[in-house]
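*Asks:* Build me a structure from this.
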Amino acid sequence: MSFPKRVYTEKEVRQAKALIDKGYKHRLKITGTTDFRERVKQALAFLKTAGYYDFFRTYIARIMEIDGLTQLRQSEAALWLNKYAVKNTVDAASLFVQKASFMKEYLEGTLYYGGQAEKRSGEKRMKFLEELKLKSKEKSVAKECERLIQMWKESSLVY
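*Replies:* Below is the predicted model:
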């Protein structure tokens, strides 16, 4: 059984979930300008450092550069990102974790949007940043993680 080309109907969602439950991992496809692809690769390297790369590959199949709003395309298991979404590669890596978390909830049939879902995904994003801060050997990365964690903590007071 191969991963469905789209993950939209109930049958396609069940098929995708069954494969993931058996350990399926996507072979990531990245499309966009050279600068975009390089920044995405750096963000993916941060996922590897923090131990989140396999989690990400479980739920996301493609990353595409677009000239528009950044979004998770659940039906395609894809991230559509503009160049600004990957400008800060540490923040981009945390965004990748957040979007993969949304995709996981989508496949599990959990409400993956709205206030509570945003709160859960924000917590996963902060947890990732904490892990990256601890595991990275680059002081500049740890410092950026700390800055982003503080920003997320301040914004999470809304929930």
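
*Asks:* contacts, neighbours, all on C-alpha from now
*Replies:* Will do.

*Asks:* where along the protein do the helices fall?
*Replies:* For the chain, applying DSSP state H gives helices covering 10-21, 34-50, 53-59, 89-108, 115-135, 139-155.

*Asks:* looking at those helices, which is closest to residue 68?
*Replies:* Taking C-alpha to C-alpha, helix 34-50 is the member of the helices of the chain nearest to residue 68, at 14.2 Å.

*Asks:* Now do the closest one and helix 89-108, the angle between them.
*Replies:* Between helix 34-50 and helix 89-108, the angle comes out at 70 degrees (axes from the mean of the first three to the mean of the last three C-alpha atoms, to 10 degrees).

*Asks:* in this structure, which residue is closest to the centre?
*Replies:* residue 96 (2.1 Å; C-alpha atoms, centre = their mean).

*Asks:* hey, which of the helices of the chain is tucked in deepest?
*Replies:* Highest mean neighbour count among the helices of the chain (mean count of other C-alpha atoms under 10 Å): helix 89-108, with a mean of 23.

*Asks:* can you list contacts of that helix?
*Replies:* With contact meaning C-alpha atoms under 8 Å, 6 or more residues apart in numbering, helix 89-108 is reached by 13-14, 16-17, 39-40, 42-44, 46-47, 52, 55-56, 59-60, 72, 74, 77, 79, 85-86, 111-113, 117, 121-122, 124-126, 128-129, 141, 144-145, 148.
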